[in-house]
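1. Attaching a predicted model along with its sequence, questions to come.
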Amino acid sequence: MEVSEEDIKFFDQYVAGKLSEAEQLTFEEKLRSDETFKANYDQYLNSTAAIKTIHFSNEISAVLEEEISHDRKTINLKQITIGIAASIALIIASYFVINSGENVSNLEIFYSYYDAYPALQNIRGSETDLNKEIIGAYSERKYALAIRLIESKTADKADDINLILSISFIEQKSYEKALSTLGLIDSDGLFSEQKQWYEALTLIALERTQDAITILRSFEKTHYKYEKSQEVIRQLNTANL
Amino acid sequence: MKDFSDKDIIDRLQHGSTTERNLVIKQLYRRCYKQINSFVLKNNGSTTDSQDIFQEAMEIFYFQIQKGKFESKSAPSTYLYGIAKNIWLGQLRKRREVSISSWDYEIAEETGNAQFDLKLFYRLFDELEEDCQRILKCFYFEKMPMKQIVNEFSSINNEQSARTKKYRCLKYLNEIFQKQNIGQENFN
């Protein structure tokens, strides 16, 4: 049976603890004796708990992001201390070693050329609160939050959203997920060049050098990263001799 | 910062301010995350998976508290870890990387096999018009008094109109949930 406005008001007051002791007893008695009232109350609890949880979810993401970033800084500080010791050891070692011209690794090449794609000013349907939150999270480099928000959207995502999602995955070092998300971007669409560039870089991070080179070689001369692509090909060829 | 007691954790999540809720999330993160991460890493997962699992477990925990369904005899951190473990084992099971026999029944039984799909909630909630989403958020999540809600909405002139609007929006949300067969059985 349809729930009345009066019942909703009654539920609100009961949950907020605003009923007198006598009213509270009446309410609880009605819950026991009136099945429809009980069913409406349970549905009310479901819906209101869902509303609260949707919004609480954003609070969790924000705190989680903050805590993870705090943990990373702590780890980095430890690594710097270890790094200083390691550097001293390296200087001593290099004194004895003839410069062998050792090649750089794929990861070093990746880090030399990778930059997160700049935050988009707007995305398709950006007037909605959720899209604004996605842009906000991404531009503040809260990538885990951006991923959570994007994944809460429907399965059918526009190319701009998939690009943001891919970069967020790369930032989280989830390269496989980044690659499969990049695969969803239209190869002839507005973001086709970004798709190619980040696919190549992700493949480099995954040590799939030949696949990366194949993509980089396919860049047209007008591609916004054409010059860089040629440099990367040279470096990859040298590194993997 | 002094830690909240188990009772305070539940109380703050149920009735606390944003600041109090955030402190509770931090405390639970510091108590449970390492354990969750270690479990996920040992079972074919990554750190990103652990973060997702922690998030999802917190959502389920919060949802159960809001529904008044949290009656565990365990500490919230133990309970949260139990939920996280269930979620991850459930995901592995879907990927056929683990058999049901390897479930940790002790924790699984206590926390229940909570099926909670926040993505579905988002999608259904998105079907409401924007004013409806806002008024429900203001009243139920931010616990804003009607008087303040009237000031927030240019289209609402008085408290009675605000109450009626909120009622219609909630009724509509109930109907959407019912159409999708979202009822008791989905969110126990």
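-> Sure thing, it's come through.
2. element containing residue A:220, please.
-> Assigned by DSSP states H and E, residue A:220 belongs to no helix or strand.
3. same deal with residue B:174?
-> Using DSSP H and E, residue B:174 sits within helix B:159-179.
4. how about the helices in chain B?
-> In chain B, the segments counted as helices under DSSP state H are B:6-15, B:18-42, B:47-66, B:76-94, B:105-111, B:118-126, B:130-136, B:146-152, B:159-179.
5. most centrally placed residue in the chain?
-> Defaulting to chain A. residue A:147 (2.8 Å; Cα atoms, centre = their mean).
6. think we crossed wires, I meant chain B
-> Residue closest to the mean C-alpha point of chain B, counted by Cα atoms, centre = their mean, is residue B:59 at 2.7 Å.
7. now chain B, which segments are flagged as low pLDDT?
-> B:1-2, B:72, B:96-117, B:181-188 (pLDDT under 70).
8. If we use 80, what do you get?
-> B:1-2, B:69, B:71-73, B:94-119, B:121-122, B:180-188 (pLDDT under 80).
9. Minimum distance to chain A, which residue of it gives it?
-> In chain B, no residue comes nearer to chain A than residue B:66, which is 3.7 Å away by Cβ to the nearest Cβ. Yep, even glycine has a C-beta here, placed from its N, CA and C like the rest.
10. Now do the helix or strand residue A:227 falls within: which elements does it pack against?
-> According to DSSP H and E, residue A:227 maps onto helix A:226-239. On a contact count with 3 or more Cβ pairs under 8 Å, 6 or more residues apart in numbering or on different chains; DSSP states H and E, helix A:226-239 meets helix A:106-113, helix A:192-205, helix A:209-217.
11. Please point out which parts of stretch A:28-48 sit buried.
-> Counting neighbours by 16 or more other Cβ atoms under 10 Å in any protein chain shown, one finds that the buried residues in stretch A:28-48 are A:37, A:40, A:41, A:43, A:44, A:45, A:46, A:47, A:48.
12. Nearest to chain B: which residue in chain A?
-> Closest point on chain A to chain B, by Cβ to the nearest Cβ, is residue A:49, at 3.7 Å.
13. Count the neighbours of the nearest residue to that residue once chain neighbours are set aside for me.
-> Spatial nearest neighbour of residue A:49, excluding adjacent residues (Cβ to Cβ, 6 or more residues apart in numbering or on different chains): residue B:66 at 3.7 Å. The local packing of residue B:66 (other Cβ atoms under 10 Å in any protein chain shown) involves 23 other residues.
14. Residue A:6 too?
-> 9.
15. Any figure for the gap between residue A:194 and residue B:38?
-> Remark: distance between residue A:194 and residue B:38 (Cβ to Cβ, to the nearest Å) = 37 Å.
16. who's more crowded, the two?
-> residue A:194 (20 against 11).
17. What's the per-residue pLDDT of the more buried one here?
-> Residue A:194 is assigned 90 on the pLDDT scale.
18. worst-scoring helix or strand of chain A, pLDDT-wise?
-> helix A:35-96 (a mean of 76; mean pLDDT, DSSP states H and E).
19. Can you pull out the low-pLDDT segments for chain A?
-> A:1, A:69-105, A:107-108, A:111-112, A:116-132, A:140-142, A:152-157, A:239-241.
20. Please repeat the previous calculation with a cut-off of 70.
-> A:1, A:72-104, A:119-129, A:154-156, A:241.
21. quick one: contacts for the closest residue in space to residue B:29 that isn't next to it in sequence?
-> Closest residue in space to residue B:29, ignoring its immediate chain neighbours: residue A:67 at 5.1 Å, by Cβ to Cβ, 6+ apart. With contact taken as Cβ atoms under 8 Å, 6 or more residues apart in numbering or on different chains, residue A:67 is in contact with B:26, B:29, B:30, B:33.
22. out of the residues you listed, which is most surrounded?
-> Ranking the contacts of residue A:67 using other Cβ under 10 Å puts residue B:29 first, with 24 neighbours.
23. from what I can see that residue touches residue A:65, true?
-> No: counting by Cβ atoms under 8 Å, residue B:29 sits too far from residue A:65 to count as a contact (10.9 Å).
24. residues contacting the residue lying farthest from the centre of chain B?
-> The centre of chain B is farthest from one residue, residue B:157, which by Cα atoms, centre = their mean lies 33.1 Å away. For residue B:157, the contacting residues are residue B:150, by Cβ under 8 Å, 6+ apart.
25. how close does it get to residue B:133?
-> Distance, residue B:157 to residue B:133, by Cβ to Cβ: 20 Å.
26. Residue A:43 too?
-> Counting by Cβ to Cβ - residue A:43 and residue B:133 are separated by 19 Å.
27. Please name the residues that touch residue A:165.
-> Contacts of residue A:165 (Cβ under 8 Å, 6+ apart): A:146, A:147, A:150, A:151, A:157, A:181.
28. Filter the residues you listed down to just the buried residues.
-> The buried subset of the contacts of residue A:165 - by 16+ other Cβ under 10 Å - is A:146, A:147, A:150, A:157, A:181.
29. Can I get the residues you listed in CSV including distance to chain B and secondary structure?
-> Compiled in CSV, these are given as follows (distance: Cβ to the nearest Cβ, whole Å; DSSP: H, G, I helix; E, B strand; the rest coil):
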residue, distance to chain B, secondary structure
A:146, 13, helix
A:147, 8, helix
A:150, 11, helix
A:157, 13, coil
A:181, 13, helix
